[in-house]
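Q: Build me a structure from this.
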Amino acid sequence: MKCVYSINPYILAEKPSFSHRRDVAESSELYCCFTWTFWLMFAIQMGCSGAYFTERGRNGTFWLMKNRLDGGKAFITGIDSAIGGAIAKELKQAGMKIAGTHLPDVQADRSPRVLLHTDFLLSMDQTDVDSINDAVRVARKRLGGLNVFVAVGSRQSPESFLETFPMEIARQIDVNLKGNLLLVRAAAQAMIECRTEKPNEHYSIGLMGSIRGRHSLKFDAYEASKAGLHHMVAGLAAEFGEHGISINAVAPGTVDCPIEWQRYGSEVDYRRVWSGATPLKRSDGSLATPEDVAETMAFLLNSGRITGETVVVDGGFNRKHPLPLDQHTS
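A: All right, here's what the predicted structure looks like:
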């Protein structure tokens, strides 16, 4: 009897080879039964040890990684945006309890898209330090702790730098840079306190940067503030690391969603402009989606050793030179 061993590192199985057809059939059935039994036991073992399976794509491929987010509590600003909602969905699927914010002068988005993945919503003014501190305090109290903080909320305008009013410039800096600095500080302090009570839990912070914070495409206060966020991530990694907290950023390029389509008049025109500037192509013609950004953010938040990094999600856009973009660059 000849033994054939699988090259899969998780399976070591005997597959006898016989000349008689009946013996071959019985052997194949036994092999298949053994294989399925093994994978069932393996899945149970991984589930008990804190690992989880996440399906990606239509091909049924499963990726396996340790889930450090399961059972944790997350606070997300800008949760009613396309990216914020996608991040909430990703973290909810990982087993987290979610709190999100909306502007105090804007009716909260209570659509199923937001509420389905959010345990509760809070009103917060990202330019007011008291409102920020209150939001973090209430979120921590109602969640029962704080393991993850994600800053998505931001502000920008379409005018050129010289055409932008000084008040709008100040507003963008207050929201995008100053507000996020204060939020990160308040969230980190809350996590440090939580860690004294639960030192074995996972703590991480994620910021939403931008490719425009790395490469100037249309300089304005938005670009300056996003560059500041990237620098903040790199600068705070060492200090936060002393407290067991990781901090990273995701820098998306353009994101294929309705708000971007509107800037170009239609979905077709938007994709026509950006597909030529994006090296990585998809069969359906779409570019980076909110879900692409959310998956990257969840990966960084879940990581046990990555900190101080800004990861670009732009399909290779920033690697293509020269950049053939027109005045509609966002």
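Q: hang on, L91 packs against V148?
A: Yes - if you go by C-beta atoms under 8 Å, L91 and V148 touch, sitting 6.9 Å apart. All C-beta atoms are positioned from the backbone trio N, CA, C, and that covers glycine.
Q: Common neighbours of the two, please.
A: Shared contacts of L91 and V148, defined by C-beta atoms under 8 Å, 6 or more residues apart in numbering, are found at L69, A74, L301.
Q: How about the first one, nearest residue that isn't a chain neighbour?
A: This points to L69. Leaving aside its chain neighbours, L69 sits nearest to A94 (4.2 Å; criterion: C-beta to C-beta, 6 or more residues apart in numbering).
Q: Any regions of this structure where pLDDT drops low?
A: Scanning the chain for pLDDT under 70 picks out 1-64, 104-115, 285, 320-330.
Q: Regarding it, what is its longest strand?
A: strand 245-252 (DSSP state E).
Q: chain center to the helix or strand following that one: distance?
A: Going down the chain from strand 245-252, the next helix or strand is helix 258-263, by DSSP states H and E. Mean-position distance between helix 258-263 and its chain equals 21 Å (C-alpha atoms, centre = their mean, to the nearest Å).
Q: can you check stretch 218-228 too?
A: 21 Å.
Q: Please apply the same query to stretch 89-96.
A: In terms of C-alpha atoms, centre = their mean, the centre of stretch 89-96 is found 11 Å from the chain centre.
Q: cool, stretch 124-131 as well?
A: Centre to centre, stretch against its chain (C-alpha atoms, centre = their mean), the figure for stretch 124-131 is 24 Å.
Q: residues in contact with that stretch?
A: Residues from elsewhere that reach stretch 124-131 (C-beta under 8 Å, 6+ apart): 77, 101-104, 132, 134-135, 153, 171, 174-175, 178-180, 182-183.
Q: give me that answer again for 10 Å
A: With contacts defined as C-beta atoms under 10 Å, 6 or more residues apart in numbering, stretch 124-131 is touched by 77-78, 100-105, 122-123, 132-136, 138-139, 151, 153-155, 170-171, 173-176, 178-180, 182-183, 185-186.
Q: Pairing partners for the longest strand of the chain, with directions?
A: Paired strands of strand 245-252, with direction, are strand 203-208 (parallel), strand 310-313 (parallel) (DSSP bridges).
Q: Would you format the shared contacts of L91 and V148 as a markdown table with secondary structure, neighbour count and distance to G228 included?
A: Output for the shared contacts of L91 and V148, formatted as a markdown table (DSSP: H, G, I helix; E, B strand; the rest coil; neighbours: other C-beta atoms under 10 Å; distance: C-beta to C-beta, whole Å):
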| residue | secondary structure | neighbour count | distance to G228 |
| --- | --- | --- | --- |
| L69 | coil | 23 | 27 |
| A74 | strand | 28 | 24 |
| L301 | helix | 29 | 21 |
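Q: Thanks again, I'm all set now.
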